[in-house]
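Chemist: how would this look folded up:
(chains A and B)
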Amino acid sequence: EAGVAQSPRYKIIEKRQSVAFWCNPISGHATLYWYQQILGQGPKLLIQFQNNGVVDDSQLPKDRFSAERLKGVDSTLKIQPAKLEDSAVYLCASSLSSSHEAFFGQGTRLTVV
Amino acid sequence: QKEVEQNSGPLSVPEGAIASLNCTYSDRGSQSFFWYRQYSGKSPELIMFIYSNGDKEDGRFTAQLNKASQYVSLLIRDSQPSDSATYLCAVNQNTGRRALTFGSGTRLQVQP
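Modeler: Purely as a prediction, here's the structure:
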């Protein structure tokens, strides 16, 4: 069974530029999460989707971050404009439902300079 | 108060010893508890989950849950250098469909 796929693996951008990340969850997983992990910290939830609907985006900085999951499968996370403090690893995870264990993709390491 | 608290470590144990990793959580409504292992530069991978009070064993790993004390732990028996990693505790409140909330992780070092 294929795991959670993410791209790109690495991205370096200048502050105020925009960037987008892509995620393809495990087939059949209804729940998809985007987490931000800053070095030395645990993953912090940015947004949770159930199929193509948003369940929780309370910690998403909506002035600069946006995410969508059209058709309830793939998802994209966008940052515009980026700030230095957005430098982190962006992890996508999926699960059968919110009460099941989540499986993580390899992550995208973003560096904002 | 953080929702999920872990000692950041590092916790250093000799090879072959038992490593004990601890986690406390603040939300009494939490129903599911997970331990993830994260190697440096890699993404978290699930080791174990536990839903009921008591112990759950899987190979060298034992998860322990005490909901009354809001405490969950992970024991690693016969620790190996390959176990050296950061261990993340995560909790989930089944009602309300909340996502996993993670602690900041405990770094474990197993000395050969």
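
Chemist: Could you use CA atoms for every contact and neighbour count after this?
Modeler: OK.

Chemist: quick one: pLDDT of residue B:70?
Modeler: On the pLDDT scale, residue B:70 is placed at 95.

Chemist: who touches residue 60 in this structure?
Modeler: No chain specified, so I'll use chain A. With contact taken as Cα atoms under 8 Å, 6 or more residues apart in numbering or on different chains, residue A:60 is in contact with A:46, A:47, A:66.

Chemist: that's the wrong chain, I wanted chain B
Modeler: Contacts of residue B:60 (Cα under 8 Å, 6+ apart): B:75, B:76, B:77, B:78.

Chemist: For it, what are phi and psi?
Modeler: phi -80, psi 0 (degrees, to the nearest 10).

Chemist: how close does it get to residue B:80?
Modeler: Distance, residue B:60 to residue B:80, using Cα to Cα, to the nearest Å: 10 Å.

Chemist: Tell me where the model's unsure across the chain.
Modeler: The chain I'm using is chain A. Within chain A, the stretches with pLDDT under 70 are A:1.

Chemist: that's the wrong chain, I meant chain B
Modeler: For chain B, the stretches with pLDDT under 70 are B:1, B:94-97.

Chemist: Tell me, how many residues neighbour residue 73?
Modeler: Unless you meant another one, I'm taking chain A. 21 (other Cα atoms under 10 Å in any protein chain shown).

Chemist: not quite, I wanted chain B
Modeler: Neighbours of residue B:73 using other Cα under 10 Å come to 20.

Chemist: Mind listing residues that contact the strand or helix carrying it?
Modeler: Element membership of residue B:73 [criterion: DSSP states H and E] is strand B:71-76. Strand B:71-76 is touched from outside by B:18-25, B:33, B:35, B:60-66, with contacts defined as Cα under 8 Å, 6+ apart.

Chemist: Mind listing the strands it pairs with, and their directions?
Modeler: Strand pairing for strand B:71-76, determined by DSSP bridges: strand B:19-25 (antiparallel), strand B:61-66 (antiparallel).

Chemist: Kindly reformat the ones you listed as a markdown table containing mean neighbour count.
Modeler: Putting the strands paired with strand B:71-76 into a markdown table (neighbours: other Cα atoms under 10 Å in any protein chain shown) gives the following:
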| stretch | mean neighbour count |
| --- | --- |
| strand B:19-25 | 21 |
| strand B:61-66 | 20 |
